[in-house]
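Colleague: Sharing a model that was predicted from the sequence below.
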Number of protein chains: 2
Amino acid sequence: MKIFVTGGGGFLGLRLAKALLARGALGGRSITQLVLLDSAFPESVPQGAERVAGDVSDPATLEQALAPDTDAVFHLAAVVSGAAEADFDLGMRVNLEGTRALLERLRRCAQPPRLVFASSVAAFGGELPEVLDDSTTPAPQSSYGAQKVIGEYLVSDYSRKGYVDGRSLRLPTIVVRAGKPNAAASSFASGIIREPLNGELSDCPVSPQTGVWLLSPRRAVEAFVHACELPAAAWGTRRVLNLPGITATVAEMLDALKRVAGAEAAARVRWRPDARIQAIVQTWPARFRTPRALELGFHADAGIESVIRDYIADAGL
Amino acid sequence: MKIFVTGGGGFLGLRLAKALLARGALGGRSITQLVLLDSAFPESVPQGAERVAGDVSDPATLEQALAPDTDAVFHLAAVVSGAAEADFDLGMRVNLEGTRALLERLRRCAQPPRLVFASSVAAFGGELPEVLDDSTTPAPQSSYGAQKVIGEYLVSDYSRKGYVDGRSLRLPTIVVRAGKPNAAASSFASGIIREPLNGELSDCPVSPQTGVWLLSPRRAVEAFVHACELPAAAWGTRRVLNLPGITATVAEMLDALKRVAGAEAAARVRWRPDARIQAIVQTWPARFRTPRALELGFHADAGIESVIRDYIADAGL
């Protein structure tokens, strides 16, 4: 079982790699190779993983890095929402051309590989129902969201043609991300928990009433693995899935932080409204019904408190 | 008012050009230039139109052919459904790369041009409700349909960014097309009327019960013009529209042909089932509710008989 992970040097990519190596197998077959592709890596990557520094939108890089007998691919590489909005060309190149280049490479593999594509709740926007469900039509209001939806349609058509065996997962906002704030418009949702727990101040650019549809990194990694292991028949012709999540407002997140880590921690969040961030985030939906994903065996977190406690455990705080 | 039409040498492109030249104006401004781009042209094009032979997916061709002060663009160029299914790479190049190349060219115009994009009912497929409406999510079951949906999302995002002022129209199957059968899976829907009226035999590859959601060339050209003339505010953030149409089964089309042109004409249709064509066509929806389009002032044909009578009049039969 040879596995290839784009965005393999990123936060989720590295966690996925670690989880795969800990399992040692995927779909009942032992893992013989795990290649991580990314533009940059931290100093150390999980033992047993090979890293390749390069650009996912460069066909020559993919040609060289991706073995023709690759069995499973996790496509996590992306220019995040805020950055794709600020630099349209960069977002189009990495998020759209990168996905196309990867699909073209996979099409020429010996066997059509399984492909798990990390799409996003940013697929949705515009006039939305109070609660979204599996029938809600994507109408992204960011270039990142548009590029993700286009990627979903490409993955579906390449799958229909039998070139890959693809599955697109619309990820909720991942909370709590480790590390530093990034250029994602959703960066605050992790920052207002992570920084206070580290004794640092955190600026919240959106209002306390802002709702966030979220999933923990633990559940996200489980979802990637489960999506890959499900047989093709479970997906049928419907290759895109809204993942389960939970809804929490910023105020509810801070209340939970207070309960878990004390009022002192929660007081480290300062309100610094940012109209640009608020404008992007409020186009994202905050509430979903996800019957299909639950039927297929995907799971949400138990609640925002357990999300925070899991982060504390994982970060060794 | 400078106008650019891709697919300008095709059936609808030429009819649109003729209609624009007959009007002499678009959106209240007189037309000073009308450029038709296509890979091939008939011997004569409407007087007053300039033709450019070239590939819409070639940036250099667009750079040269499309004036930087172009005001309105009609993007009709496409590899049709049957051909895009048979040659995946060709469909991706023309239908996806072509649309991207055009949008990139338009983005560098002096003012964001109005853009009318001819999308298609082939956007829909898979498990569908009996009657589709404006909230139905596209799930194409052909590469042509997937490429059209991707084009819609590109047009919407370029519009949101202010790079163009785009409007995507999902066209029903156009009946009756003049000329020869083509590689579109829907080619039969015109052929079974056109050929008998010309005293020729026509093979019908689908069953009599097959329903077709259709629009006449007259109404389609009116829709292109109307879509372009509507102010941006009428579209808001929703830049994709299901056009009105009428539903007719193949049996109903032949009954109408009999009433209009006699039993002798209808008897010229032979049943020659083609599983490949039937498989593509039956993924297309046959019934729609189109409240938004009707509110915006778009019109369907009165019925299948008037569609046939209009064809007879236009063809000078």
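Modeller: Noted; the coordinates are in hand. Bear in mind that the values here come from a model prediction, so they are computed numbers and not experimental data. Residues are numbered from 1 along each chain as shown, chains lettered A, B, ... in the order given.
Colleague: Could you check which residue of the stretch 151-300 of chain A lies nearest chain B?
Modeller: residue A:157 (3.9 Å; C-beta to the nearest C-beta). In this view, the C-beta of every residue, glycine as well, is placed from N, C-alpha and C.
Colleague: For that residue, which non-adjacent residue is spatially closest?
Modeller: residue B:146 (3.9 Å; C-beta to C-beta, 6 or more residues apart in numbering or on different chains).
Colleague: and what of residue A:206?
Modeller: Nearest to residue A:206 is residue A:278, by C-beta to C-beta, 6+ apart, at 4.9 Å.
Colleague: Tell me the residues of chain A that contact chain B?
Modeller: Within chain A, the positions lying close to chain B (C-beta under 8 Å from any C-beta of the partner chain) are A:88, A:126-127, A:135-141, A:143, A:146, A:149-150, A:153-154, A:156-157, A:160-161, A:237-238.
Colleague: Could you rerun that using 7 Å?
Modeller: With C-beta under 7 Å from any C-beta of the partner chain as the criterion, chain A meets chain B at residues A:88, A:126, A:135, A:137, A:141, A:143, A:146, A:149-150, A:153, A:156-157, A:160-161, A:237.
Colleague: Any of those buried? List them.
Modeller: A:88, A:137, A:141, A:143, A:146, A:149-150, A:153, A:156-157, A:160 (16 or more other C-beta atoms under 10 Å in any protein chain shown).
Colleague: Which residue ranges of chain A form strands?
Modeller: In chain A, the strands defined using DSSP state E lie at A:2-6, A:25-26, A:29-30, A:33-38, A:50-53, A:72-75, A:114-120, A:165-171, A:173-174, A:202-204, A:211-215, A:240-242, A:246-249, A:269-271.
Colleague: domains for chain A, by residue range?
Modeller: Chain A breaks down into these domains under automatic domain parsing: A:2-171+A:216-242, A:187-212+A:246-315.
Colleague: Check those for me and report the most buried one.
Modeller: domain A:2-171+A:216-242 (a mean of 20; mean count of other C-beta atoms under 10 Å in any protein chain shown).
Colleague: chain center to that one, what's the gap?
Modeller: 9 Å (C-alpha atoms, centre = their mean, to the nearest Å).
Colleague: how far does it stretch from start to finish?
Modeller: Distance across domain A:2-171+A:216-242, first residue to last, is 27 Å (C-alpha to C-alpha, to the nearest Å).
Colleague: What of stretch A:174-194?
Modeller: Stretch A:174-194 has an end-to-end distance of 12 Å (criterion: C-alpha to C-alpha).
Colleague: what is the mean pLDDT for that stretch?
Modeller: Stretch A:174-194 shows a mean pLDDT of 93.
Colleague: gap between that stretch and the chain center?
Modeller: With C-alpha atoms, centre = their mean as the basis, stretch A:174-194 stands 13 Å off its chain's centre.
Colleague: contacts for that stretch?
Modeller: Applying C-beta atoms under 7 Å, 6 or more residues apart in numbering or on different chains, the contact partners of stretch A:174-194 are A:11-12, A:80-83, A:173, A:202, A:204-206, A:212, A:214-217, A:220, A:250, A:253-254, A:257, A:269, A:277, A:280-281, A:307-308, A:311, A:315.
Colleague: hmm, 8 Å instead?
Modeller: The contact list for stretch A:174-194 (C-beta atoms under 8 Å, 6 or more residues apart in numbering or on different chains) reads A:11-12, A:80-83, A:85-86, A:142, A:173, A:202-206, A:212, A:214-217, A:220, A:250, A:253-254, A:257, A:269, A:277, A:280-281, A:284, A:307-308, A:311, A:314-315.
Colleague: Can you flag which of those residues belong to helices?
Modeller: Judged by DSSP state H, helices contain the following of the contacts of stretch A:174-194: A:11-12, A:81-83, A:85-86, A:217, A:220, A:250, A:253-254, A:257, A:277, A:280-281, A:307-308, A:311, A:314-315.
Colleague: if we can go back for a sec, quick check: which of the residues of chain A next to chain B has the minimum pLDDT.
Modeller: residue A:126 (87).
Colleague: List the contacts of the nearest residue to that one once chain neighbours are set aside.
Modeller: Spatial nearest neighbour of residue A:126, chain neighbours left out: residue A:139 (4.1 Å); criterion: C-beta to C-beta, 6+ apart. Residue A:139 is in contact with A:124-127, B:156, B:237-238, counting by C-beta under 8 Å, 6+ apart.
Colleague: show me what contacts residue A:3?
Modeller: By C-beta under 8 Å, 6+ apart, the residues touching residue A:3 are A:20, A:26, A:31, A:33-35, A:70-74.
Colleague: Quick check: it vs residue A:185, distance?
Modeller: 30 Å (C-beta to C-beta, to the nearest Å).
Colleague: Residue A:135 too?
Modeller: Applying C-beta to C-beta, the value for residue A:135 to residue A:185 is 26 Å.
Colleague: do the same with residue A:311
Modeller: Applying C-beta to C-beta to residue A:311 and residue A:185 gives a distance of 20 Å.
Colleague: try residue A:234
Modeller: 33 Å.
Colleague: My read is that residue A:73 contacts residue A:113, right?
Modeller: Yes. Between residue A:73 and residue A:113 there is a contact under C-beta atoms under 8 Å: 5.3 Å.
Colleague: worst-scoring helix or strand of chain A, pLDDT-wise?
Modeller: Confidence across the helices and strands of chain A bottoms out at helix A:275-281, with a mean of 89, counting by mean pLDDT, DSSP states H and E.
Colleague: distance between that one and the chain's centre?
Modeller: Centroid separation for helix A:275-281 versus its chain: 20 Å, with C-alpha atoms, centre = their mean.
Colleague: helices or strands up against it?
Modeller: For helix A:275-281, the contact count by 3 or more C-beta pairs under 8 Å, 6 or more residues apart in numbering or on different chains; DSSP states H and E identifies helix A:81-86 as packing neighbours.
Colleague: ok, and what's touching the helix it packs on?
Modeller: In contact with helix A:81-86 (C-beta under 8 Å, 6+ apart) are residues A:78, A:90-91, A:95, A:120, A:122, A:142-145, A:147, A:183-187, A:277, A:280.
Colleague: out of the residues of chain A next to chain B, which are inside helices?
Modeller: A:88, A:143, A:146, A:149-150, A:153, A:156-157, A:160.
Colleague: pLDDT below threshold where in the stretch 151-300 of chain A?
Modeller: For the stretch 151-300 of chain A, no stretch has pLDDT under 70.
Colleague: Report the contact partners of residue A:61.
Modeller: A:37, A:52, A:54-55.
Colleague: now, the most widely separated pair of these?
Modeller: Using C-beta to C-beta, the two most remote members of the contacts of residue A:61 are A:52 and A:55, lying 10.5 Å apart.
Colleague: so residue A:209 touches residue A:252, yeah?
Modeller: No. The criterion here is C-beta under 8 Å, and residue A:209 misses it with residue A:252 at 10.0 Å.
Colleague: how far away is the residue nearest to residue A:229 when sequence neighbours are not counted from residue A:293?
Modeller: Spatially, and ignoring its direct neighbours in sequence, residue A:229 is nearest to residue A:27 (5.0 Å; C-beta to C-beta, 6+ apart). Distance from residue A:27 to residue A:293, counting by C-beta to C-beta: 19 Å.
Colleague: Check residue A:143 too.
Modeller: From residue A:143 over to residue A:293 (counting by C-beta to C-beta), the distance is 26 Å.
Colleague: distance of the nearest residue to residue A:251 once chain neighbours are set aside from residue B:184?
Modeller: With sequence-adjacent residues excluded and distances taken as C-beta to C-beta, 6+ apart, residue A:251 is closest to residue A:208, at 3.9 Å. Counting by C-beta to C-beta, the gap from residue A:208 to residue B:184 is 55 Å.
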